[in-house]
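Colleague: Please work out how this folds:
(2 chains)
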Amino acid sequence: MRYSLAAAARRAAFAGFLSLAAASVALAAEAGGDAAVANFTLDNGLDVVVIPDHRAPVVTHMLWYKVGSADEDPGKSGIAHFFEHLMFKGTDTYPSGEFSQAVAAVGGNENAFTSYDFTAYYQQVAPTELGDMMRFEADRMRHLVLSEENIETERRVVLEERRQRTDNVPGSILSEELNATLYQNHPYGIPVIGWQREIEGLTHDDLKAFYDRYYTPNNAILVVAGDVEADTVRQLAEDTYGKVARGPDLPPRARPMEPDQKTARTVTFSDPRVSVPNLSINWFAPSHRTAKKGEFEALAILSQVLGEGLRSRLYQELVVKQGIAASAGSYLQGNAYDYSAIGVYGEPRGDADLAAVEEALNREIARIKTDGITAEELETARTKILRDQVFLRDSQVRSANLFGSTLATGGSVDDITGLPERLAAVTVDQVQAAAQRYLDLSHAVKGYLLPAEEKRS
Amino acid sequence: MRSFSTAATLLALIIVLALPARAAVEIQDVTSDRGVTAWLVEDHSLPIITFQFAFKSGTVQDPQGKEGMANLMAGLFDEGAGDLTFDVFQKRLEELGAEMSFQAGSDTIIGQIRMLAENSDAVLDLLHLAVTRPRFDADPVERIRSQIAVGIRSDERNPNKQGYRALEQAVYGDHPYARPDEGTLESLASITPDDLKTFHARVFARSNLTVGVVGAIDAAALGAALDKVFGDLPEDAQLTPVETMQPKLDQEVRVDYPLPQSTLQLVYPGIERDDPEFFAAYLMNQILGGGTFSSRLFNEVREKRGLAYGATSYLNSRDYAQTLAIQTATSSEQAGAALTVIGDVVDGMRDEGPTQKELDEAKTYVIGSYPINNLDSSTAIARTLVGLQQDDLGIDYIQRRADLINAVTLDDVKKAAQRLLSAKPAMLVIGPAGQNGG
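Modeller: The predicted structure follows:
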């Protein structure tokens, strides 16, 4: 990420895929007259999504490239993220700083972020400035100047970013290596920001080749949310992005996939900065794209019931009833191309130790596998997901993120709008089957964050 | 609720933001029958309603020896109210699909609730109970208390957390701002349910309440809602007077710890929100190290030298003390170099001030960014409505703001730079000893 916010955080809760779908249907009816989401493609292959929202005189302009850290060549980790930084270094037409100054001059916000499967750049500005933003963004899609000097300075910035996010933070050190253990073969095991030595070794030629290969209109998605109409966006996009020549077709994103995992693994990090221990139990699971029909939605319900929020089983059982945990819950990582991850976590409180928390987590996992969930739990979880999606609609950036990340990971606008029906079709049996299939302790990856002097018993 | 809604809800004033676009934001000033006031932005494009409200109070009101009171109380509003125990209350809230949260800051306690419009009557009943009749039952009090205690213990050996704590203590001395918001393990343990009831009765009142509402509700319905939720609160808050103070600068706080990257913070004098020179200082800070990718600190520390991922400055204008802080983090062996660069940037700003071009650009930025940062979601608008009222800026402030900013001259900004950047700062260094230069 260019600045602030953790793009590399893989633990991001289930914020994405199921999101806006519900909203767009539930609300299209209720909100009446709310303009529909438009989706079209320019002649050069640029995919365009427009999400009209006329409540405030603001527009969010995002350009998503379908390239992330999982697309990097072996030994070149961090190049997708490093390149994201270099995109701010100027072109022949607009030298370094000019784009950022133009954004600032109209009071706009800008930033960028990189993940495993995508890299995105965005600005928030008044609607009158949208055309200018497109002109700058289309220009740097093909005309970036990559000087050795800029590369070296920015490499130091990226290494500082790595120190700040990861090397200085015990919990981040653990989760980086936990991921590397969770994935035995797939590049999701490599951190988005890259391994330090590989960042140090990236060359000008590596970066140039990366740019030429991936930064093309036919490998990008334009998402515009806010106070603007689809026709206006189409016209502005044709006048700017439309002038950029289509690039060579990219081969399918075929990454090395996971073998059947057969072992339980444990990753432990002890550090003198830690005074309260915690643990997590993690598995990889299919993504929305690779899951069988209905399976990803069942996983979403499973995670909701098991551990999302104050009313979830894990919170009620470990934090409220037994009083042994300060926090306890589950997560399902959304919006990835090949795999999602699912897991549970807990942190002891009072006289309880980590072993008691782990035992209680295991009990709840066993219970949901043996007994499944009730029809009432299913309904509550479904309603909560739908409600969250209504609230999501309130934020332009979150709406744009949902569409961008879904499309960049192999989904479509229809996948989003069709979600309520797919959620409605989920049965309690499917949720139990998902728990039995994926929450298998015999090949889970456990992570322990421990104080220095304590040994796990 | 419906029977009240036709009564004399006063619609005092409507302000339309003059902005160069189709969409506009109207602020309505609503006063209920019983005299509760709120600012409302009515919007029916989504079927949701957001309330944000603030009681001027905060952790500075924590009694001596009971530090952590406001923070603990804020964790208990969804843990039972009226006749509903915590379990029943939370289940009801969940069924209704509402999201409620409370947070204690140093100067205010802020509550927020988001609801689907179709459920608003029932949700507001719950909010009424939470705000006026929280139960503070022993079980949830113990649970939340021990969760907070785990948080305090988690920070005990974290050099960054301890560094900031030490800096606050050094800068604020015996002022309440020196105390940790969550209290200490000892003070937290000493708080009883009766203490919480007494504290709640003192600080939740109508005299120190401001309310901002956004969404699918009209002024008449809001008037009735305000009476329902807040009408039963006591008229006057009983706040302990808190003295304003000058932060103690010109000192060093060092936490020696073998970290790969050192964290640096410099604390200078700040400026009060109602100071006539506030906008001059605000623009100066924007040019020095405000959030854009073109500030001086960003350019010198990051863009030119690659010394850090971020280098920023910010004004912290709290009610009882104000500062300007500069912050960065850099590889421990180059911490001295980073401090030198920051020192040069500060000296340059203090001695020469900004250029006219920098000032012009900063003005267009802070004018243009206002709607983007403050009006781009219901939550942001509600927060803005509360903030404007708390700072007593007037319902037409958004219209006047650009003129206030445009009136600032280059000389004004130079004066502000001299005023804020002439003192020797308080300095925090968290990192390995001996590698951080001067």
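Colleague: and the stretch 101-250 of chain B, which of its residues are near chain A?
Modeller: Applying C-beta under 8 Å from any C-beta of the partner chain, we find that the stretch 101-250 of chain B lies next to chain A at B:114, B:116, B:143, B:146-147, B:149-151, B:153-160. Heads up, the C-betas are built off the backbone N, CA and C, glycines and all.
Colleague: correction: the stretch 301-438 of chain B
Modeller: With C-beta under 8 Å from any C-beta as the criterion, the stretch 301-438 of chain B comes near chain A at residues B:302-310, B:329-331, B:361, B:364-373, B:375-379, B:381.
Colleague: Sitting in strands, which of the residues you listed do you find?
Modeller: Judged by DSSP state E, these include B:329-331 as members of strands.
Colleague: In CSV: the residues you listed, plus distance to A:Arg234, pLDDT and neighbour count.
Modeller: Converted to CSV, these look like this (distance: C-beta to C-beta, whole Å; pLDDT from 0 to 100; neighbours: other C-beta atoms under 10 Å in any protein chain shown):
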residue, distance to A:Arg234, pLDDT, neighbour count
B:Ala329, 44, 96, 26
B:Thr330, 46, 96, 32
B:Ser331, 48, 95, 21
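Colleague: And the pLDDT at whatever residue of chain B ends up closest to chain A?
Modeller: Proximity of chain B to chain A (C-beta to the nearest C-beta) peaks at B:Gly368, 1.9 Å away. On pLDDT, B:Gly368 comes in at 91.
Colleague: Okay, buried residues for stretch A:194-210 please.
Modeller: A:194-196, A:198-199, A:202, A:206-207, A:210 (16 or more other C-beta atoms under 10 Å in any protein chain shown).
Colleague: what's the closest of the ones in strands among the residues of the stretch 301-438 of chain B next to chain A to A:Ala435?
Modeller: Among those, B:Ala329 lies closest to A:Ala435 (C-beta to C-beta), at 42.0 Å.
Colleague: returning to that earlier point: weed out the non-buried ones from the residues of the stretch 301-438 of chain B next to chain A.
Modeller: For these, a neighbour count by 16+ other C-beta under 10 Å gives the buried set as B:302-303, B:305-310, B:329-331, B:361, B:364-373, B:375-379, B:381.
Colleague: Just the ones of those in helices?
Modeller: Taking DSSP state H, the ones among these that sit in helices are B:361, B:364-373, B:378-379, B:381.
Colleague: Quick check: the two most widely separated of the residues you listed?
Modeller: By the measure C-beta to C-beta, B:Glu361 and B:Ser378 form the most distant pair in these, at 30.8 Å.
Colleague: what sits against the closest residue to A:Leu178 other than its chain neighbours?
Modeller: Nearest residue to A:Leu178, sequence neighbours excluded (C-beta to C-beta, 6 or more residues apart in numbering or on different chains): A:Gly447, at 4.2 Å. Going by C-beta atoms under 8 Å, 6 or more residues apart in numbering or on different chains, A:Gly447 touches A:174-175, A:178, A:266-269, A:279-280, A:282.
Colleague: can we see that at 6 Å?
Modeller: A:174, A:178, A:267, A:280 (C-beta atoms under 6 Å, 6 or more residues apart in numbering or on different chains).
Colleague: How about the secondary structure of the third one?
Modeller: With DSSP: H, G, I helix; E, B strand; the rest coil as the basis, the three-state label of A:Val267 is strand.
Colleague: For burial, what's the neighbour tally of it?
Modeller: 20 (other C-beta atoms under 10 Å in any protein chain shown).
Colleague: Look up how far chain B lies from it.
Modeller: Applying C-beta to the nearest C-beta, to the nearest Å, the value for A:Val267 to chain B is 20 Å.
Colleague: right, and that residue touches A:Thr181 too?
Modeller: Yes: applying C-beta atoms under 6 Å as the test, A:Val267 and A:Thr181 come out as touching, 5.2 Å apart.
Colleague: OK, contacts around the residue nearest to the spatial centre of chain B?
Modeller: Chain B has B:Gly105 as the residue nearest its centroid, 6.6 Å off, counting by C-alpha atoms, centre = their mean. Going by C-beta under 6 Å, 6+ apart, B:Gly105 touches B:Gly58.
Colleague: go on, A:Ala105?
Modeller: Each residue near A:Ala105 by C-beta under 6 Å, 6+ apart is listed here: B:361, B:364.
Colleague: Got the phi and psi for it?
Modeller: Note on A:Ala105: backbone dihedrals following degrees, to the nearest 10 are phi -60, psi -20.
Colleague: ditto for B:Asp181
Modeller: Dihedral angles (degrees, to the nearest 10) for B:Asp181: phi -60, psi -40.
Colleague: one step back: make sure the residue nearest to A:Leu178 is indeed in a helix.
Modeller: No: using three-state DSSP, the assignment for A:Gly447 is strand, not a helix.
Colleague: from the buried residues of stretch A:194-210, which single one is nearest chain B?
Modeller: Ranked by distance to chain B (C-beta to the nearest C-beta), the buried residues of stretch A:194-210 are led by A:Gln196 at 10.0 Å.
Colleague: tell me the pLDDT at that closest one?
Modeller: pLDDT, A:Gln196: 97.
Colleague: Just give the closest residue to it, not the sequence neighbours.
Modeller: A:Arg162 (6.3 Å).
Colleague: Show me how far the helix or strand where the one you found lies is from its chain's centre.
Modeller: If you go by DSSP states H and E, A:Arg162 is part of helix A:148-162. Taking C-alpha atoms, centre = their mean, to the nearest Å, the mean C-alpha location of helix A:148-162 is offset from the chain mean by 24 Å.
Colleague: One more: stretch A:361-373?
Modeller: 28 Å.
Colleague: What is the burial count for A:Asp73?
Modeller: Counted with other C-beta under 10 Å, the neighbours of A:Asp73 add up to 11.
Colleague: would you say it is within a helix?
Modeller: No: judged by three-state DSSP, A:Asp73 forms no part of a helix; its state is coil.
Colleague: That one and chain B, how far apart?
Modeller: Going from A:Asp73 to chain B by C-beta to the nearest C-beta gives 25 Å.
Colleague: Model confidence for that residue, exactly?
Modeller: 97.
Colleague: per the record, what domains does the chain have?
Modeller: In the absence of a named chain, this looks at chain A. For chain A, the structural domains run A:44-243, A:265-451, going by automatic domain parsing.
Colleague: hmm, I had chain B in mind actually
Modeller: If you go by automatic domain parsing, chain B breaks into B:2-230, B:251-431.
Colleague: And the last one, end to end?
Modeller: So the one you mean is domain B:251-431. End-to-end span of domain B:251-431 (C-alpha to C-alpha, to the nearest Å): 17 Å.
Colleague: how far does that domain sit from the chain's center?
Modeller: For domain B:251-431, the separation from the chain centroid amounts to 16 Å (computed by C-alpha atoms, centre = their mean).
Colleague: do the same with the first one
Modeller: Between the centre of domain B:2-230 and the centre of its host chain there is 13 Å, according to C-alpha atoms, centre = their mean.
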